[in-house]
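**Student:** Quick one, fold the following:
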Amino acid sequence: MTKKLNPKPFKGNEFGVPKIKKNQGTNKQSIKKRSEKNSGIPKFVANRMARRIAFTTGLPTLTGMSVFIGSYIVVSKGIAEIPPALTLISSAICFFLGLLGLSYGILSASWEETSGSLLGFENISPNIVRMKKAFTTIDSKK
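**Tutor:** So this is what the prediction gives:
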């Protein structure tokens with residue numbers, strides 16, 4: 001004869017995560033508090049940074065890869081003799097420019113609603129100040 005066990009009432013999903021009541025934490029006050037706590041980069045600024053990074057990092061990186069392909073074609077067709085060191089140095093310079101483009105893309109993006117100038121040189125100084133201020137506030141919280 002087997003004995004039936006009375007299981008405890010289930011208060012969550014199969015992973016033990018408790019169920020959330022409808023509309024819990026979605027009122028305007030809690031959303032405002034969460035947004036004040038997460039005062040990070042605004043979405044329009046992040047999108048602007050992503051576009052700049054894609055351009056300033058993408059072009060040099062593609063050029064760096066193209067150096068290898070172009071060098072291979074030139075050498076394999078017998079058009080010219082290119083030393084391997086020259087190929088490596090050329091592609092390394094392109095990849096380094098891509099790395100600089102990453103920093104430039106972040107620092108040159110405007111934090112204003114308007115997009116700013118094409119190159120964004122005027123935004124680099126204020127963005128460096130913002131970055132330093134963010135790091136000093138992180139250090140002061142520790």
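
**Student:** Where does the prediction get shaky in this protein?
**Tutor:** Applying pLDDT under 70 to the chain picks out residues 1-39, 139, 142.

**Student:** Report the central residue of it.
**Tutor:** Ala50 (7.1 Å; C-alpha atoms, centre = their mean).

**Student:** what's downstream of the strand or helix carrying that residue, the next helix or strand?
**Tutor:** Assigned by DSSP states H and E, Ala50 belongs to helix 43-76. Moving toward the C-terminus from helix 43-76, the next helix or strand (DSSP H and E) is helix 84-107.

**Student:** So what touches that following helix?
**Tutor:** The contact list for helix 84-107, computed with C-beta atoms under 8 Å, 6 or more residues apart in numbering, reads 49, 52-61, 63-65, 67-68, 71, 123-124, 127-128, 131. Heads up, the C-betas are built off the backbone N, CA and C, glycines and all.

**Student:** and the next element down the chain from that helix?
**Tutor:** Trace forward from helix 84-107 with DSSP H and E and the next one is helix 124-141.

**Student:** Nothing else from me, thank you.
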